[in-house]
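Peer 1: starting from these lines, generate the structure:
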Amino acid sequence: MKKDREASTFHPSSLILQPSSTIHRPSKRFGQNFLTDKSIVKRIIESLNPQPGETIVEIGPGRGALTAPLIERAGQLVAIEFDRNLIPVLVDAFGKNENFRLVQNDALITDICAEIRPAQRARVVANLPYNIATAVLQRLIEQRACLTELILMLQREVVDRIIAAPGSAERGYLSVFVEAYCETEKLFDVAPASFRPAPKVWSTVVRLKLQPKIAFDLQEEKLLWQVVSAGFAQRRKTILNNLRSAPSPLQDRVKAHGGASIVLCRAEVELQRRAETLALDDWTRIVRALG
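Peer 2: Below you'll find the predicted structure:
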């Protein structure tokens, strides 16, 4: 997704609704696969269980498969759509609803905490395009000050990486990042035939409950993610070798504390372990050894 596009906020109460004569076709550029299976829509809504008094954020409403039932059940729905060609479609369908607000913007740069005001907290539901799903997920977790729960449909392989336990070949930076801030629950799989056009892969709906702070007491969370990123830089290498070849300024900090082997010994992490075998507690001990 490009970040230099003009962003707009649409307030339905101030719009003059005009019938849309164009039929929107899914965009390969935006990775659009529209959900059409009503039974899957129902399961997602039931999993979210919107309440009359709460604010829900929908990212990428598309043609509005989830939007309609969300408007019926939520107190306020803020829909964030990047594709400006879909704006007339959504305005035609939902613009007259007082509890609906449409924001034309890139989810990767949207300040959701600002968009939901005056609400202080919200939950998110989204069918994320595969090509930006990981980046959007990280962006949502970064906004955990105002977000309490995410119900997301992602590529099944991405979910497998998210929930991968220490020792799993699928475990990576994203696994550790999500583990640090979320309680994760895999809900159900979704077949390609549930979309138009049908993707070539299966999807999975997952629930992530966000916690404002990391589970472990750390003074430097930024340092934690520098260490984790360096640890997974070359997956075939040991954590020792990856720390030795870490980029500056992390490498300088490692050297200032006696070198990678000394840091790992202080953290009680075996030198020959690989990053995918480390639990979150192991990573935090390494960070403390650099403190």
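
Peer 1: how about the helices in the chain?
Peer 2: Ranges of helices within the chain are 38-48, 67-73, 87-94, 112-115, 133-142, 156-162, 173-181, 221-231, 239-244, 250-256, 260-266, 280-289, based on DSSP state H.

Peer 1: redo these as JSON lines? Include mean pLDDT, mean neighbour count and distance to Arg207.
Peer 2: Just so you know, the C-beta spots here come from the backbone N, C-alpha and C atoms, and that holds for glycine as well. Formatted as JSON lines, the helices of the chain follow (pLDDT from 0 to 100; neighbours: other C-beta atoms under 10 Å; distance: least, C-beta to C-beta, whole Å):
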{"stretch": "helix 38-48", "mean pLDDT": "98", "mean neighbour count": "16", "distance to Arg207": "7"}
{"stretch": "helix 67-73", "mean pLDDT": "97", "mean neighbour count": "18", "distance to Arg207": "16"}
{"stretch": "helix 87-94", "mean pLDDT": "96", "mean neighbour count": "19", "distance to Arg207": "25"}
{"stretch": "helix 112-115", "mean pLDDT": "98", "mean neighbour count": "16", "distance to Arg207": "18"}
{"stretch": "helix 133-142", "mean pLDDT": "96", "mean neighbour count": "18", "distance to Arg207": "13"}
{"stretch": "helix 156-162", "mean pLDDT": "96", "mean neighbour count": "19", "distance to Arg207": "11"}
{"stretch": "helix 173-181", "mean pLDDT": "96", "mean neighbour count": "21", "distance to Arg207": "12"}
{"stretch": "helix 221-231", "mean pLDDT": "96", "mean neighbour count": "19", "distance to Arg207": "23"}
{"stretch": "helix 239-244", "mean pLDDT": "97", "mean neighbour count": "21", "distance to Arg207": "31"}
{"stretch": "helix 250-256", "mean pLDDT": "96", "mean neighbour count": "15", "distance to Arg207": "33"}
{"stretch": "helix 260-266", "mean pLDDT": "98", "mean neighbour count": "18", "distance to Arg207": "35"}
{"stretch": "helix 280-289", "mean pLDDT": "96", "mean neighbour count": "19", "distance to Arg207": "19"}
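
Peer 1: residue contacts, the spatially closest residue to Val269 that is not a sequence neighbour?
Peer 2: Leaving aside its chain neighbours, Val269 sits nearest to Asp282 (5.4 Å; criterion: C-beta to C-beta, 6 or more residues apart in numbering). Residues near Asp282 by C-beta atoms under 8 Å, 6 or more residues apart in numbering: 166, 267, 269.

Peer 1: filter these down to the buried ones.
Peer 2: The neighbour count (16 or more other C-beta atoms under 10 Å) marks 166, 267, 269 as buried among the contacts of Asp282.

Peer 1: ok, so of the residues you listed, who is nearest Gly172?
Peer 2: Pro166 (11.5 Å; C-beta to C-beta).

Peer 1: so Arg123 versus Leu224, what's the distance?
Peer 2: 26 Å (C-beta to C-beta, to the nearest Å).

Peer 1: same check on Glu268?
Peer 2: 17 Å.

Peer 1: ok, Phe188 touching Thr204?
Peer 2: Yes - using C-beta atoms under 8 Å, Phe188 is in contact with Thr204, at 7.3 Å.

Peer 1: neighbour-wise, which of those two wins?
Peer 2: Thr204 (20 against 13; other C-beta atoms under 10 Å).

Peer 1: partner residues bridging that one?
Peer 2: Beta-bridge pairing for Thr204 (DSSP bridges): Leu154, Asp189.

Peer 1: so it touches Glu185, yeah?
Peer 2: No - using C-beta under 8 Å, Thr204 is not in contact with Glu185; the gap is 11.0 Å.

Peer 1: burial check on Val124, number of neighbours?
Peer 2: 24.

Peer 1: now for it: which residues touch it?
Peer 2: Contacts of Val124 (C-beta under 8 Å, 6+ apart): 56-59, 112, 140, 147, 149-152.

Peer 1: what of Val178?
Peer 2: With C-beta under 8 Å, 6+ apart, Val178 has these contacts: 137, 141, 162, 184, 208.

Peer 1: not counting sequence-adjacent ones, nearest residue to Gln143?
Peer 2: Counting by C-beta to C-beta, 6+ apart, the residue nearest Gln143 is Ile112, at 5.2 Å.

Peer 1: Ala119 versus that neighbour, what's the distance?
Peer 2: From Ile112 to Ala119 the distance is 10 Å (C-beta to C-beta).
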